[in-house]
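>>> Any chance you can model this:
(one chain, ligands or ions: 1)
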Amino acid sequence: MTDPEPHRTTLSTTRTRRIVVPVVAATRTAPPRDTDAPLLDPPSTRRNRGRLLVTGLVAAVLVLGSATAVTTAVTAGALAGAPASGDAALAAPPQAAAAPAQAIPAPTMIGPDAPADACAAAPVATALAAGDDAAVIAAVGGVESFRTLVTAGTTACLSLGDPGRIWTVVNKLRPYTPTDYAPAALRLPDPVRSLAGEQLRADAATALAALGQAAVAEGAGTIAMESGYRSYATQKRNFGAGGPEVEASVARPGYSEHQSGLAADVVPCTSRGCGTMDDLAASPQGAWVAANAWRFGWIVRYEPGRTPTTGYIPEAWHLRYIGTDLAAAYHDEGWHTLEEFFGLPAAPTY
Ligand SMILES: [Zn+2]
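Coordinates of the predicted model:
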């Protein structure tokens, strides 16, 4: 951990800070063809820029004298104020696009001013439709910008309640909708062994495989997966009659992170066999996982001392996949619960 324990003030700072557009976005928006950036400006700025662009493009068209260019220019100009402008404007003739862009300062900042636009922006919509969650985060400007939008809670397409996204948060206050949600693509985390044959969502399986291989390569030893995806029906069977003791470590049916396919319980293994989940914390594998899981997109979801927030006793073995971008921020900023990371209320009980 590089920072002291985070708290609400840290998040508040994050939320109000304006953020430099990442390299990818800056490249795409570099003058003279900076067409995505207007979506990230305040609405009034976008409108002004749209008008400027229309004016400039029409002027350029008059010089060019082409009916096709008129159509292109007006279309591109109209789109300049809309989130989907990027690709359309990029396709415009270089002559038409260059003229107005020179009159408009290249934007270098984004912030929380335009949450309503995020879902409609073409790169965001495309990434969402493709199920490419990492690309969605990149398309809204990176992790900091993503968290700003998510914690504001006004960006429907970035809902923390969507169990199909790597950023979903499931806890005792946040059950699945629908209750019997099941992920689409599941597979084994090979070459990490799945002791009971359980699977993970494909992206999480790939990430657990990478984690397991790195643990071996870096001398920590071998891990195996004790438990992965757990269906709603299985949870109902396992939960039995419930009760306070059970509920300290076992989620009620429809409330388990395992139902997302994004959670894995891991155990340490040696040449003599594999230990139990309880053996992980004191093992070399457990120490390595606690320090390095984030590099592969995983976090230890239920850390010691966080029961009042998570509602669960410490579980060194229970890893949750959130993708490498979010996990790196979670690690680098010193967060210990997903609830605090996303500004959600504590969820100690149902
Ligand atoms: Zn677990």
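>>> How about the secondary structure of the residue in the chain positioned nearest to the ion?
At 3.6 Å from the ion, residue 318 is the closest residue in the chain, using Cβ to the ion. Placement of C-beta: from N, CA and C, glycine included. Under DSSP: H, G, I helix; E, B strand; the rest coil, residue 318 falls in the strand class.
>>> ok, it - contacts?
257, 263, 264, 265, 277, 300, 301, 302, 312 (Cβ atoms under 8 Å, 6 or more residues apart in numbering).
>>> Just list whatever residues bridge to it.
Residues in a beta bridge with residue 318, per DSSP bridges, are residue 265.
>>> any idea how far it is from residue 238?
Here the criterion is Cβ to Cβ, to the nearest Å. By it, residue 318 lies 15 Å from residue 238.
>>> ok, now residue 331?
Noted for residue 331: a distance of 31 Å to residue 238, by Cβ to Cβ.
>>> which intervals of this protein have sub-threshold pLDDT?
1-116 (pLDDT under 70).
>>> Can you show me the strands along it?
Remark: strands assigned in the chain by DSSP state E are 19-20, 109-110, 186-187, 193-194, 200-201, 222-227, 263-270, 273-274, 298-302, 315-321.
>>> contact partners of stretch 213-226?
189, 191-196, 198, 200, 208, 211-212, 264-270, 274, 276-277, 283-285, 287-289, 292, 295-296, 317.
>>> repeat that for 6 Å
Contact with stretch 213-226 is made by 189, 192-195, 212, 264-267, 269, 274, 277, 284-285, 288, as judged by Cβ atoms under 6 Å, 6 or more residues apart in numbering.
>>> among those, which are in reach of the ion?
Restricting the contacts of stretch 213-226 to those near the ion by Cβ under 5 Å from the ion leaves residue 265.
>>> between the contacts of stretch 213-226, which is nearest residue 177?
residue 264 (22.8 Å; Cβ to Cβ).
>>> Residue numbers of this protein in contact with the ion?
For the chain, the residues in contact with the ion (Cβ under 5 Å from the ion) are 265, 318.
>>> ok, 6 Å please
Counting by Cβ under 6 Å from the ion, the chain comes close to the ion at 227, 258, 263, 265, 318.
>>> now the nearest residue to residue 288 once chain neighbours are set aside: how far from residue 333?
For residue 288, ignoring the flanking residues on the chain, the nearest one in space by Cβ to Cβ, 6 or more residues apart in numbering is residue 220 at 3.4 Å. Using Cβ to Cβ, we find residue 220 at a distance of 24 Å from residue 333.
>>> so how far is residue 308 from residue 163?
Taken as Cβ to Cβ, the span from residue 163 to residue 308 is 25 Å.
>>> can you check residue 286 too?
23 Å.
>>> more neighbours, those two?
Comparing residue 286 with residue 308 by other Cβ atoms under 10 Å, the one with more neighbours is residue 286, at 23 against 11.
>>> How many residues are close by the closest residue to that one other than its chain neighbours?
If the residues on either side of it in the chain are set aside, residue 286 comes closest to residue 280, at 4.1 Å by Cβ to Cβ, 6+ apart. Using other Cβ under 10 Å, residue 280 has 25 neighbouring residues.
>>> how close does residue 197 sit to residue 270?
For residue 197, the distance to residue 270 equals 21 Å [Cβ to Cβ].
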